[in-house]
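> here's a sequence, model it:
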Amino acid sequence: MDQSGAPLRWWQTRTFVALATLISIVPLLWPEIPPLVDLPGHMGRYRVQLTPLDQAPWLADWYNFEWSLIGNLGIDLLVVPFAALFGLELGVKLIVMTIPALTAAGLLWIAREVHGRIPPTAMFALPLAYSYPFQFGFVNFSLSMGVALCLFALWLRMARLRRIGLRAIVFVPLSCLLWLCHTFGWGVLGVLAFSAEMIRQHDARKDAGSGHWVESWIRAGLGCVPLALPMVLMIFWRSGDHVTGQTADWFNWQAKVAWVMMVLRDRWEFWDVASTAVFLLVLFRAVRDPAIEYSRNLVLSALFLAAVYLLLPRIVFGSAYADMRLAPFVVAFALIAIRPRVGMTVRHAGVVALLGMSFFLARTASTAASFWLFDRDYDTELAALDKVPEGARLVSFVGTNCRNEWKMSRLEHLPAIALVRRLAYTNDQWSMPGAQLLTARYKTAGMFAHDSSEIVTPGWCPREWWKPIDFSIARFPREAFDYVWLIRTPPFNPRYASDLDRIWRSPTGASALLTVNRSRPTPQITDEELYPRWFLELRARRIRERQLQLPPPPRS
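Residues are numbered from 1 along each chain as shown. Predicted structure coming up:
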C-alpha cells in the first residue's frame, strides 16, 4: 500500500531505521564474550583455525582441522580478517553484533519494499532479532538469516524497479556467498523469492488477462533459477564417506508448538512467554481490526515458511533443532505482513507505532540486563584460567540437570575459552565430519574427547547422552588429562576424586579447578557403583544373547 505524497511519519524515516538498527546491538555492547550458548565452542574452533602449528604443535595431536567447501562457513571465514585486525575475541564480538542489526534492518527494509512505507506494526517484529536460535548460539545460521532478509529486500526492490535482468546476474554470486555462510539462509531466500515472484507473475498475468496460478508457479520457478547454483555445491558437500549425521524426528508436533512459544526464550520465562503472547495478540488483532489488513505478498511468504517449518524434521544431517530455527522467522513475516488500511487515522497509526516501539525497547532492555548477568557469570568462572598453563590437557565438566529449564546457563561450552586463551585441550568441541571443519582426534581421551562429555548431571537422564558427575569423575582417563575444571557441577562422591587436588575454587564454592595427582592411585570403582541396575541387567542380557548365537566349538 504505497502512500506516496503523504508526509513521512517518524517510524517511516531512514533516521528511525538507522536508530532501530543501533538499538538492536545494545545488549551486546557490554559483554566481552557474547553470552550465546554455543558461541564459546565455536570460538575454540576459530582459535585452532587461526593458530599456526609451529606456534602450538600440540594442537595437531588433539584436533584435525581441514578447510573444505561446506555450507556453514559464515563466521569461520569472516573471523580471519577480523581477528587479524582486532584479535579473536573482539573480532568475534564485532561480527556477532552485526547479526541482530542485519535482522532488524532486513525486516524493516522488506516491510518498506512491500508496503511502500514502513507500517507502524512492523516494530513489533524487531525483538525477534534476539530470537531463541540466536540465543542458542547458532551464529552461522543467524548471520545467514540476517543476510537473507536483506537480500530478499534487495530482490523485491530490483523487481519493483524492473531490473529483472540485472537481478538475475547479481544474485548468482550472492546466492553462492549466502550458501557458503549457511545453507539454511540460502534455502529460506529461495522460498521467499519464489513466493514473492509468484505474486508478481500472477499480478502481471492478471493485468494481461491471463492470471492463471499454474502459469505463475512455472514462471516464478524460472525467475528463481539464478538462485539455484548452490544446489551443485550442496551435492558436492553432502556426498562422500566423510559426511556423517542422520536426519530424524519428523513431525514432532508437540515440539513444534513448543518452539513457537519459545521464540523469545532467554532468562525470565513469564516475561518471554508474555512477549510471545503479544505477537499472537497483534496477529489476531490484525484479523479483527477493520483498520488493519494483511499483505498478500508477505502472508504468502509466511505461509510458505510455515509449511517448511511443519515439514522439517528436528534433526537434519546430524544438526539438531533444524525446525526450531525457522519458527521465529515465520512469526516475524506474519507480523511485518500487517499494514494499516487507507482509513486508519494518523493518531491511530501513531499509537500503534508507539506501542510497538515501547515493546521493542522493553525487550531490548530486558535482554541487555540478562546478558549483563550472564557476563558476570562468565567473569566468575573464567577466573579459573589464571591457574591453567598454556597447552594444558583439560577435561571440563559443566553441571546441569535432567529438567529442560527455561533459562540455559550459557556455560555449556564455556570450557572452550581455555582453548581460546590458553591453547589448552577442551572436551567440548563438536566432532561431526562434514558438518564442521574441526574434529577431535585425541584418542587417549576416549569417550571424553568431545561434546557432550562436558555436560554432567546428578543422575542418569532418560533419552540423553549426558553422564552423571559421579561417572565422569570416576571414569575420565587420568593419563589423558592434567587438570579437571568443574563448572557448577552437582555434588559427587569425594572417594571418586581421591587422586585430585584442588588449586582454585570460585567464590560461591560451586566451581573448582583440580589437578591430577599422579603420585596417588586412581580410585578403583566398580560398574555396579556407577551404572543403574536396568543398564547392568540389559548389558548382561545382551552378552548372553551374543554367547548363544556363537557357533559351537569344533570337536577335537
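> wait, what's in contact with the residue nearest in space to the middle of the chain?
A centroid search over the chain (CA atoms, centre = their mean) returns Phe138, at 1.9 Å, as the residue closest to the centre. Listed by CB atoms under 8 Å, 6 or more residues apart in numbering, the contact set of Phe138 reads 38, 321, 325. No exception for glycine: its C-beta is placed from N, CA and C like everyone else's.
> Phe236: neighbour count?
For Phe236, the number of neighbouring residues by other CB atoms under 10 Å comes to 11.
> which ones are touching it?
With CB under 8 Å, 6+ apart, Phe236 has these contacts: Leu69.
> low-confidence regions, the stretch 251-400 of the chain specifically.
With pLDDT under 70 as the threshold, the stretch 251-400 of the chain has low-confidence stretches at 317-319.
> let me see the ranges of the strands in it.
Applying DSSP state E, counting those that start in this stretch to the stretch 251-400 of the chain gives strands spanning 292-294, 338-340, 394-399.
> including mean neighbour count and distance to Met234, could those go into TSV?
Formatted as TSV, the entries for the strands of the stretch 251-400 of the chain read as follows, by neighbours: other CB atoms under 10 Å; distance: least, CB to CB, whole Å:
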stretch	mean neighbour count	distance to Met234
strand 292-294	19	33
strand 338-340	25	35
strand 394-399	25	34
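> which SS state does the closest residue to Asp499 other than its chain neighbours fall under?
Distances taken as CB to CB, 6 or more residues apart in numbering place Arg520 nearest to Asp499, at 4.2 Å, with adjacent residues excluded. The local conformation at Arg520, judged by DSSP: H, G, I helix; E, B strand; the rest coil, is coil.
> next, find the distance separating Arg520 from Ala101.
Between Arg520 and Ala101 the distance, using CB to CB, to the nearest Å, works out to 54 Å.
> between these two, point out the one with more neighbours.
Relative neighbour count places Ala101 above the other of Arg520 and Ala101, with 18 against 12, counting by other CB under 10 Å.
> residues in contact with the more buried one?
Neighbour list for Ala101: 21-22, 24-25, 129, 146 [criterion: CB under 8 Å, 6+ apart].
> any of those buried? List them.
Burial by neighbour count, 16 or more other CB atoms under 10 Å: within the contacts of Ala101 this picks out 21, 24-25, 129, 146.
> would you point out the most distant pair within these?
Between any two of those, the greatest separation by CB to CB is 11.9 Å, found for Ile25 and Gly146.
> which residues are common contacts for the two?
Looking at what touches both Ile25 and Gly146 (by CB under 8 Å, 6+ apart), the common residues are 100-101.
> ok, so what distance separates the residue nearest to the centre of the chain from Gly146?
Here Phe138 is placed at a distance of 12 Å from Gly146 (CB to CB).
> same check on Ser366?
Plainly put, Ser366 is 21 Å away from Gly146 if you go by CB to CB.
> repeat that for Glu32.
Using CB to CB, one obtains 22 Å as the distance from Glu32 to Gly146.
> Val308 against Arg325, yeah?
No - proximity of Val308 to Arg325 does not meet the contact threshold set by CB atoms under 8 Å, at 10.9 Å.
> between these two, who's got more neighbours?
Using other CB under 10 Å as the criterion, Val308 and Arg325 rank with Arg325 on top: 26 against 16.
> where along the stretch 51-200 of the chain do the helices fall?
For the stretch 51-200 of the chain, the helices defined by DSSP state H, counting those that start in this stretch occupy 59-62, 74-86, 88-115, 132-136, 139-160, 164-181, 183-207.
> closest one to Pro290 among those helices?
Go through those one by one with CB to CB and the one that ends up closest to Pro290 is helix 88-115, at 17.9 Å.
> return the set of buried residues in the closest one.
Of the residues in helix 88-115, those buried (16+ other CB under 10 Å) are 88-89, 91-115.
> again with stretch 33-52
Neighbour-count burial for stretch 33-52, with 16+ other CB under 10 Å as criterion, is recorded at 33-49.
> how about stretch 492-505?
Residues of stretch 492-505 classed as buried under the neighbour-count rule (16+ other CB under 10 Å) are 492, 496-497, 499-500, 504.
> end to end on it, go ahead and measure it.
The first and final residues of stretch 492-505 sit 16 Å from each other (CA to CA, to the nearest Å).
> where in this structure is pLDDT low?
1-5, 207-212, 237-248, 317-319, 434, 550-556.
> who's in contact with stretch 300-317?
Contacts of stretch 300-317 (CB under 8 Å, 6+ apart): 187-188, 191-192, 194-196, 198-199, 238, 243, 245-252, 255-256, 320-324, 326-327, 329-330, 333-334, 337, 434-435.
> filter those down to just the ones in helices.
Using DSSP state H to define helices, the subset of those located there is 187-188, 191-192, 194-196, 198-199, 238, 255-256, 327, 329-330, 333-334.
> quick check: longest helix of the protein.
Assignment by DSSP H; longest helix in the chain turns out to be helix 346-382.
> taking strand 394-399 as reference, get the angle to that one.
Here helix 346-382 runs at 130 degrees with respect to strand 394-399, directions being taken by axes from the mean of the first three to the mean of the last three CA atoms, to 10 degrees.
> mind giving me the packing neighbours of helix 346-382?
helix 14-23, helix 269-288, strand 338-340 (3 or more CB pairs under 8 Å, 6 or more residues apart in numbering; DSSP states H and E).
> flag every buried residue along the first one.
Going by neighbour count (16+ other CB under 10 Å), the buried part of helix 14-23 is 16-17, 20-21, 23.
> check the offset of stretch 390-405 from the chain's centre.
On the basis of CA atoms, centre = their mean, to the nearest Å, stretch 390-405 is displaced by 20 Å from the centre of the chain it belongs to.
> phi, psi of Arg476?
Just to correct that, residue 476 is Phe rather than Arg. Recorded main-chain torsions at Phe476 are phi -60, psi 140, according to degrees, to the nearest 10.
> and if you look at the one 4 residues further on?
According to degrees, to the nearest 10, the main-chain angles of Ala480 amount to phi -90, psi -20.
> Met97 against Leu28, yeah?
Yes - in this structure, Met97 is within contact of Leu28 by CB under 8 Å, at 4.8 Å.
> overlap in contacts of these two?
A shared contact of Met97 and Leu28, defined by CB under 8 Å, 6+ apart, is any residue touching both; here these are Pro34.
> quick one: residues contacting Pro290.
With CB under 8 Å, 6+ apart, Pro290 has these contacts: 341, 343.
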